[in-house]
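> Sequence and predicted structure are below.
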Amino acid sequence: MTNSVVKGMKGVISVAPMMDWTDRHCRYFHRLISPNITLYTEMVTTGALIHGERERFLRFDESEHPIVLQLGGSEPEHLALAAKMGEDAGYDEINLNCGCPSERVQSGAFGACLMKEPDLVAEGVKAMKDVVDIPVTIKCRIGIDDSEDYQFLHDFIEKISKAGCEKFIIHARKAWLKGLSPKENREVPPLRYDIAEQIKANFPNLVIEVNGGIKTIEDTKEKLSTFDGTMIGREAYQNPWFLNAIERDIYETPNLLTQAEVVQQMIPYIKQQWELYETPMKSITRHMVGLFQGQAGARHWRQVISTQSHLPDSTTDILKVAMEKLSEA
Ligand SMILES: Cc1cc2nc3c(=O)[nH]c(=O)nc-3n(C[C@H](O)[C@H](O)[C@H](O)COP(=O)(O)O)c2cc1C
């Protein structure tokens, strides 16, 4: 895929679902920086939607489109209910998490351990597709524990695609279900893009997006020459201005907001969220800490945001102060 093909193609690049990170405030902020990327929710369990505060879990801003709801669950009937709720709430796509290795998730029989149960996943995909018109997609790893290097993933994808799933996001490392923390599971198992590439070669009609370890524009362009899309996790969160570089250098989008304009537009948003939901400012500003990463004065910005956002009498004026400190630096 060349640059000119990417230009104008909304969605081929996405920000990964990340628990505790990609909440709706983070997504609102990311959307101000990047009009074209696809945004994912944090994983929401079917149980939370069926028994919990559904409206709160599904809430999002219209500006977030294209927006994907990521579900965690395994029971086909529950997945179908939850997917329908997502569609009714206005989400553009439903994604099933088959890649998360955490203990808590394993005990709930979902996440990466579902890769061991392709029949159940296929049933779940079918149940969701029977009740929604929006696409149902899968995010998975290349394998788990000591699964064979390629055949395991091939068989998984073959089975699930026959159930009607046409898009897979592959985090190109295995999940080791025993002995590693979730964090280690994002770092220790080696990245094997070659396996994901083999899947794309053998399933040319499926949409295959790659995830894991993508940190630069060069990496992103290189992956887009092989895959149908790339998903970016930690780099997008820790260094959100990377999303501006993607818009500029890959989508070639004109009239992007400057960093100062993004901050200015967050101010009325913070005030509105307080008025509507009494959302504390720190719950929103925490996602903005990395905005100036790598630039002169970034430390002052980080300091003001992280030491003052939580104070009871703090107002959005601290953002103005932080901007001033930054320009002084
Ligand atoms: C804090 C954090 C939370 C995450 N939560 C989820 C999640 O809810 N669902 C999921 O599928 N993956 C989750 N992941 C994994 C990411 O989506 C992604 O697959 C992983 O970070 C690898 O991509 P990266 O190297 O670009 O960060 C999480 C990652 C991080 C860092």
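It's in.

> Please make it C-alpha for all contacts and neighbour counts, starting now.
Will do.

> per-domain residue ranges of the chain.
Using automatic domain parsing, the domain ranges for the chain come out as 3-251, 259-328.

> and the shortest one, how far from the chain's centre?
Centroid separation for domain 259-328 versus its chain: 22 Å, with Cα atoms, centre = their mean, to the nearest Å.

> coming back round to it: Serialize the domains of the chain to a markdown table and add fields for distance to the ligand and mean pLDDT.
Shown next, in a markdown table, are those (distance: least, Cα to the nearest ligand atom, whole Å; pLDDT from 0 to 100):
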| stretch | distance to the ligand | mean pLDDT |
| --- | --- | --- |
| domain 3-251 | 3 | 94 |
| domain 259-328 | 12 | 92 |
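
> Wait, Val12 touches Ile232, no?
No - in this structure, Val12 is not within contact of Ile232 by Cα atoms under 8 Å, at 10.9 Å.

> Could you identify which of the domains of the chain is most buried?
Ranked by mean neighbour count, these are led by domain 3-251 with a mean of 19 (mean count of other Cα atoms under 10 Å).

> for the chain, longest helix please?
Longest helix in the chain by number of residues (criterion: DSSP state H): helix 259-277.

> ok, then the element right after that helix?
Following helix 259-277 in sequence order, the next helix or strand is helix 281-285 (DSSP states H and E).

> Now do that next one: which elements does it pack against?
helix 24-33, helix 259-277 (3 or more Cα pairs under 8 Å, 6 or more residues apart in numbering; DSSP states H and E).

> In three-state terms, label Val210 for me.
strand (DSSP: H, G, I helix; E, B strand; the rest coil).

> List the residues that contact it.
169-172, 193, 196, 223, 227, 229-231 (Cα atoms under 8 Å, 6 or more residues apart in numbering).

> What segments of the stretch 1-150 of the chain are helices?
3-6, 24-33, 46-51, 54-58, 76-89, 103-107, 118-131 (DSSP state H, counting those that start in this stretch).

> nearest to Gln238, of these?
helix 24-33 (11.4 Å; Cα to Cα).

> Which secondary structure elements does that closest one sit against?
By 3+ Cα pairs under 8 Å, 6+ apart, helix 24-33 packs against helix 242-246, helix 259-277, helix 281-285.

> now that helix against helix 259-277, angle please.
Orientation note: helix 24-33 sits at an angle of 150 degrees relative to helix 259-277 (axes from the mean of the first three to the mean of the last three Cα atoms, to 10 degrees).

> what residues does helix 24-33 touch?
37, 39, 41, 59-61, 63-64, 240-241, 243-244, 256-257, 262, 266, 283-284, 287-288.

> what about 6 Å?
With Cα atoms under 6 Å, 6 or more residues apart in numbering as the test, helix 24-33 has contacts from 60, 244, 284, 287.

> What does the pLDDT read for Glu252?
Glu252 is assigned a pLDDT of 94 by the prediction.

> From the ligand, how far out is it?
Plainly put, Glu252 is 22 Å away from the ligand if you go by Cα to the nearest ligand atom, to the nearest Å.

> For stretch 158-166, measure first residue to last.
10 Å (Cα to Cα, to the nearest Å).

> ah, wrong one, I meant stretch 161-175
Stretch 161-175 end-to-end distance (Cα to Cα) = 21 Å.

> Distance from the chain centre to that stretch, please.
15 Å.

> what comes into contact with that stretch?
Counting by Cα under 6 Å, 6+ apart, 122, 126, 137-144, 189-193, 206-212 sit against stretch 161-175.

> Swap in 8 Å and give it another go.
By Cα under 8 Å, 6+ apart, stretch 161-175 touches 99-101, 112, 122-123, 125-126, 129, 135-145, 185, 189-193, 195-196, 206-212, 231.

> Is the residue lying closest to Pro135 once chain neighbours are set aside bridged to anything, and to what?
Excluding the flanking residues, the one nearest Pro135 by Cα to Cα, 6 or more residues apart in numbering is Glu93, at 5.1 Å. Per DSSP bridges, the residues bridged to Glu93 are Val68.

> Contact partners for Glu93?
67-69, 87, 134-137 are the contacts of Glu93 under Cα under 8 Å, 6+ apart.

> at 7 Å what do you get?
Residues in contact with Glu93 (Cα atoms under 7 Å, 6 or more residues apart in numbering) are 67-69, 134-136.

> Many thanks, I have nothing further to ask.
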